[in-house]
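[1] coordinates for the following, if possible.
(2 chains)
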Amino acid sequence: MSEIIMREDKSIGERYYYTKHKSGLDIYVVPKKFRTSYALFSTKYGAADNCFKLEGDKDFVKVPDGIAHFLEHKMFENEDGSDTFARFAKYGADANAFTSSEMTAYLFSCTSHYDENLEILLDYVTKPYFTPQTVAKEQGIIGQEIKMGEDNPSRARYYNTMEALYADSQIKINVAGTVESIAEITADLLYSCYRTFYNLSNMVLVTSGDITMEQVLAVADKVLPMQEEKKIVRCYNSEKAEVNKKRVKVQMAVSKPMFEIGIKDIDIPADPKERLKKSIAGGVLYDMLFGGTSDFAIDVYESGLVRGFGAGYSLDHVFGMGELVGESDDPEAVYDKFVKYVEEKKKTGLDQGEFERTKKANYASLVRSFDSTQNIADNITFMLHDDIDIMDYSKAVSEVSFEYTEELLRKLFDERYYAMSVVEPLEK
Amino acid sequence: MHTERKQIAAGTFLTVIPADKFKSNYIQIRFVMPLKKETAAKNSLVFPVILRGTEKYPTLADIRRRKQELYASGIWSGHWKHGDNHIVTLEASSMRNSYAIDDTDITGGVLDLIGQAVLHPVTENGVFKAESVEGEKKIAADTVRATINQKGRYARLKAIEEMFSGDAYGISDGGTVEEIEAVCPKCLFEAYKNMLRTARIEIFAVGDFDGNELEKKFSEIFSSVKRGGIYEPIPDTKGTARAEIQKIYDRQNVTQGVLVLGFFTGSVSSDDDYAVTKVFNTVFGGSAASKLFMNVREKLSLCYYCSSSLIPEKGAMTVASGIQFENEQKAFDEIMLQLDNMKNGEITDDEIEMAKKFLCDDVMSADDSVRALAATAFGEVMYGKRLTDEEKIAKINAVTKEQITERAKAVRLDTYYFLCGQEESK
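    Below you'll find the predicted structure:
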């Protein structure tokens, strides 16, 4: 039997148990005395992975946009004709799945019959079954999901920001694809993506609840096939530092203009520890500059310039960006204000007291994220996909220095990295 | 778990729900008032305006900095309708003191902020500051206008408003743009005073609190308020379907249609056998294993979503689905066919079993969310019934196929609403 490792963060009072299962799957268990147990079984495979090969293969394979998400939908069908939702429903579990640019994940939550539900999860995700008929049926359903997205201005705003920031990066590929691109999907293509990315060595199971590692391993032993590790080579397009387009605008049925200012950041540290440091400092910096207590946020709220203002910074091993979002009658005025404000801050520098308070807030949000088994497993998974261990997080927060954060202020903000997408109301 | 509800002032009650498994503490004060067109906008605006400045923390920046010092505690206000009642909340969520890395008294600080918000708003000439009122009016009006941005949500809201036109429940809980724009500093201050004087006040505290300390603090706050003419909430009212189905086409610039059907079920949440309606709804369209999901989506691939949800306090149910314009009739026919099947008793044991498990899971999981715990406790107050989780589960499991069939037969379509493109169905 593989070794079980326990890691903990005493300051927040949390721990997990980890083991590499003999099938090749990494398993993390976070025991919590909650009634709801939750499991997230995920693969490092998302919409951005449209060009890949296995190590040793000669050529890269290029697949249609939206196939990772399509594959997620199709995993719910089984060879014996049974429906996966119904299988879970028999044990009272609430099941679902989601696909992002870099991940596909399958999940359930339940308050009883955990072992049975985990068995269903591990079983259906490791047993693909696609036919031309079931593929055709799904094209109708996902076609409607895409249409729903087309009527969603927040989504349009997001993808237009990606279009403005990036010239070639696959991060801007629409996760659901287009009606045209999903029409090119075949059962064979689905199998090819499945065999590449659903290898257990490319996946992770994170589960939390009133459960033990032994319990999880008993199910894993029963269900999971032994697999040879596969080395995947992904082909990500390179990007220049400057934005692709300064503005992308579209008109939709919205009440007032919705804007998103994107701040491109292609400087991605290869070392996970450096990346974690940069990602935390970037988050703290954005909170200081644009968070609720910032001069900027208070100004746009009190003056009524922006409704629903929000800002944040994100960085992982594939891409990084900052964003400011909201609704405003005058997005260009918001943009100008943002540019001037940041230039001013670069001159005056940051406030040390504010820095410490913001770090405390950041720590509190980590502590409180452990109040739900779903949050726990989701957060651990997102970090693992980026080679980050959640038990290192609170220490990394405390170690982020004021000097490093100020340095980031000067590096991250430059007009060459800024772009804005606006969703405007339709002309009357 | 032992919860206790105590009266701390006239018509004012505190329920402490001890729960030490959370790292957060949660406080929710519910001001329960009648849902009326004349007051909806004003009631909803009171706390957003107050949260721009109190005597001790006079500006928005002061309040926000204070919240940040308290380890980014949240204090906010909400409003919604519960049957014919208008509920306005003041809520606070914060990290427990024991996790603070210094000696900050987070809980004490949050209670102090709540006291400030309830009793000590910043005033100017004896009323709210005009600037704050105008600022929040603009945000509230923009929020109402922005409903159109989310098509699915917009469609369901509109359909419900049409279904209950002429009934209190048809009133928009945040007011209409016109109602919001008509609010003035003086009349808003009167609404605030009236809320403090006449609302039924229910306070819920979930987490790791010293019950006595809380009781003392809230008694202090509310004993200084003059109370009278206190509102008695209405638990629920059973609506009945129109003689003729009302059909509405809402034409907007959309690429996908949203069909919403409004039904009356003939039963409300205070009914002893309301569990039957819940099981009926879950089998029909309440889960991913339901008839609507399995047929409208999976079998006919007409949509990405098709689901039903209950409005228990009004004895109503809505079905919503996002579809291609040209599939309007097909989708409607299939939804009604599934309902007819249930009326004819075409319900499998499996379907009933799955629905029951689904609902039992809901009952059990409420214990894992501070907000759900507060909501459950409020339900107990409204209906004067307190059941243990085991009793609730027993009620669900006792539901029979015959009862579900009978309930299905009582369901009546009232409103047919279709959000569609400019050219459709003319």
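[2] any idea how far B:Arg145 is from the residue nearest the centre of chain B?
    Centre of chain B computed as the mean C-alpha position; nearest residue by Cα atoms, centre = their mean is B:Trp80, 5.2 Å away. Remark: distance between B:Trp80 and B:Arg145 (Cβ to Cβ, to the nearest Å) = 19 Å. Yep, even glycine has a C-beta here, placed from its N, CA and C like the rest.
[3] contacting residues for B:His61?
    His isn't right for residue B:61; it's Ala. Shown in contact with B:Ala61 (Cβ atoms under 8 Å, 6 or more residues apart in numbering or on different chains): A:293, A:298.
[4] so where does it fall, helix or strand?
    helix B:60-69 (DSSP states H and E).
[5] thinking again about what came up before, tell me if I'm right that the residue nearest to the centre of chain B and B:Ser172 touch.
    No. Contact criterion Cβ atoms under 8 Å: B:Trp80 and B:Ser172 do not qualify, at 10.8 Å.
[6] so the residue nearest to the centre of chain B sits in a strand?
    Yes. The assignment for B:Trp80 (DSSP: H, G, I helix; E, B strand; the rest coil) places it in a strand.
[7] can you pull up the bridge partners for it?
    B:Ile87 (DSSP bridges).
[8] what's the separation between it and chain A?
    Applying Cβ to the nearest Cβ, to the nearest Å, one obtains 19 Å for the distance of B:Trp80 from chain A.
[9] for B:Ile234, same thing?
    Distance of B:Ile234 to chain A, computed by Cβ to the nearest Cβ: 32 Å.
[10] and for the residue lying closest to that residue once chain neighbours are set aside, the neighbour number?
    Using Cβ to Cβ, 6 or more residues apart in numbering or on different chains and skipping the chain neighbours, the partner closest in space to B:Ile234 is B:Asp84 (5.0 Å). Neighbouring residues of B:Asp84 were enumerated by other Cβ atoms under 10 Å in any protein chain shown; the total is 20.
[11] now B:Asp84. Its backbone dihedrals?
    phi -90, psi 10 (degrees, to the nearest 10).
[12] same check, this time on the one 10 residues further on
    Note on B:Ser94: its backbone torsions stand at phi -150, psi 160 [degrees, to the nearest 10].
[13] tell me what B:Asn25 is bridged to.
    B:Asn25 has these beta-bridge partners by DSSP bridges: B:Ser94.
[14] that one: how many residues sit nearby?
    Neighbour number of B:Asn25 under other Cβ under 10 Å is 22.
[15] could you check how far it is from chain A?
    Distance from B:Asn25 to chain A, by Cβ to the nearest Cβ: 10 Å.
[16] contacts only, for that residue.
    B:93-96, B:106-107, B:110, B:205-209.
[17] so which of those residues comes closest to chain A?
    Set against chain A, the nearest of the contacts of B:Asn25 by Cβ to the nearest Cβ is B:Met95 (4.6 Å).
[18] re earlier: just the buried residues of the helix holding B:Ala61, please?
    B:60-61, B:63-69 (16 or more other Cβ atoms under 10 Å in any protein chain shown).
[19] show me how the record splits the chain into domains.
    Since no chain was named, I'll use chain A. A:5-234, A:247-425 (automatic domain parsing).
[20] look at chain B instead
    Taken from automatic domain parsing, chain B resolves into B:4-223, B:246-420.
[21] which one, of those domains, ends up nearest to A:Ile27?
    Comparing the domains of chain B by their distance to A:Ile27 (Cβ to Cβ), the top pick is domain B:246-420, with 22.7 Å.
[22] is chain A within reach of that closest one?
    Yes. Contact of domain B:246-420 with chain A (Cβ under 8 Å from any Cβ of the partner chain) involves B:252-256, B:287-289, B:293-294, B:297-298, B:301-305, B:322-324, B:350, B:353-354, B:357-358, B:360-361, B:364-365, B:367-370.
[23] in a strand, B:Val32, correct?
    Yes. Judged by three-state DSSP, B:Val32 forms part of a strand.
[24] that one - nearest residue in space that isn't next to it in sequence?
    B:Arg200 (4.2 Å).
[25] about what we covered before: of the residues of domain B:246-420 next to chain A, select the buried ones using a PyMOL command.
    Buried subset of these, written as a PyMOL selection, criterion 16+ other Cβ under 10 Å:
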select buried, chain B and resi 252+254+255+256+287+288+289+293+294+297+298+301+302+303+304+305+322+323+324+354+357+358+360+361+364+365+367+368+369+370
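[26] and stretch A:39-47, average pLDDT?
    Regarding stretch A:39-47, the rounded mean pLDDT is 98.
[27] before we move on, what about stretch B:284-299?
    On average, stretch B:284-299 scores 93.
[28] mind checking the end-to-end distance for that stretch?
    15 Å (Cα to Cα, to the nearest Å).
[29] swap in stretch A:384-396?
    By Cα to Cα, one end of stretch A:384-396 lies 15 Å from the other end.
[30] that one: which residues count as buried?
    For stretch A:384-396, using 16+ other Cβ under 10 Å, the buried residues are A:384-386, A:388-394, A:396.
[31] and for stretch A:208-225?
    A:208-209, A:211, A:213, A:215-217, A:219-220, A:223-224.
[32] what's the mean pLDDT across it?
    97.
[33] using CSV, write out every CA atom in it.
    Output in CSV follows, covering the C-alpha atoms of stretch A:208-225 (Å, rounded to 0.1, in the frame of the first residue of the first chain):
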residue,chain,number,x,y,z
SER,A,208,-13.8,16.5,2.1
GLY,A,209,-16.4,15.5,4.7
ASP,A,210,-16.8,13.3,7.6
ILE,A,211,-14.7,10.6,5.9
THR,A,212,-11.3,8.9,6.1
MET,A,213,-8.5,8.1,3.6
GLU,A,214,-9.1,4.4,4.3
GLN,A,215,-12.7,4.6,3.2
VAL,A,216,-11.7,6.5,0.0
LEU,A,217,-8.9,4.0,-0.8
ALA,A,218,-11.2,1.0,-0.4
VAL,A,219,-13.4,2.5,-3.2
ALA,A,220,-10.5,3.5,-5.3
ASP,A,221,-9.0,0.0,-5.1
LYS,A,222,-12.3,-1.4,-6.3
VAL,A,223,-12.9,0.9,-9.2
LEU,A,224,-9.8,2.5,-10.6
PRO,A,225,-7.9,0.7,-13.4
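[34] what about the chain, any weak spots by pLDDT?
    You didn't pick a chain, so chain A it is. Applying pLDDT under 70 to chain A picks out residues A:1, A:428.
[35] actually, chain B is the one I wanted.
    For chain B (pLDDT under 70), the answer is B:1-2, B:424-426.
[36] hmm, try it at 90
    B:1-4, B:166, B:239-240, B:253-255, B:288, B:298, B:301, B:304, B:383-386, B:421-426 (pLDDT under 90).
[37] quick one, strands of it?
    B:4-9, B:12-18, B:24-34, B:74-82, B:85-95, B:123-124, B:127-128, B:200-207, B:246-251, B:257-264, B:303-311, B:316-323, B:412-420 (DSSP state E).
[38] can you say which of those is nearest to A:Ser279?
    Closest among the strands of chain B, once you apply Cβ to Cβ, is strand B:85-95, at 21.9 Å.
[39] list the helices and strands the closest one packs on?
    If you count contacts as 3 or more Cβ pairs under 8 Å, 6 or more residues apart in numbering or on different chains; DSSP states H and E, strand B:85-95 packs onto helix A:352-368, strand B:24-34, helix B:40-50, strand B:74-82, helix B:106-119.
[40] now the ones you listed as a markdown table including distance to A:Glu424?
    Output for the helices and strands packed on strand B:85-95, formatted as a markdown table (distance: least, Cβ to Cβ, whole Å):
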| stretch | distance to A:Glu424 |
| --- | --- |
| helix A:352-368 | 34 |
| strand B:24-34 | 38 |
| helix B:40-50 | 27 |
| strand B:74-82 | 30 |
| helix B:106-119 | 37 |
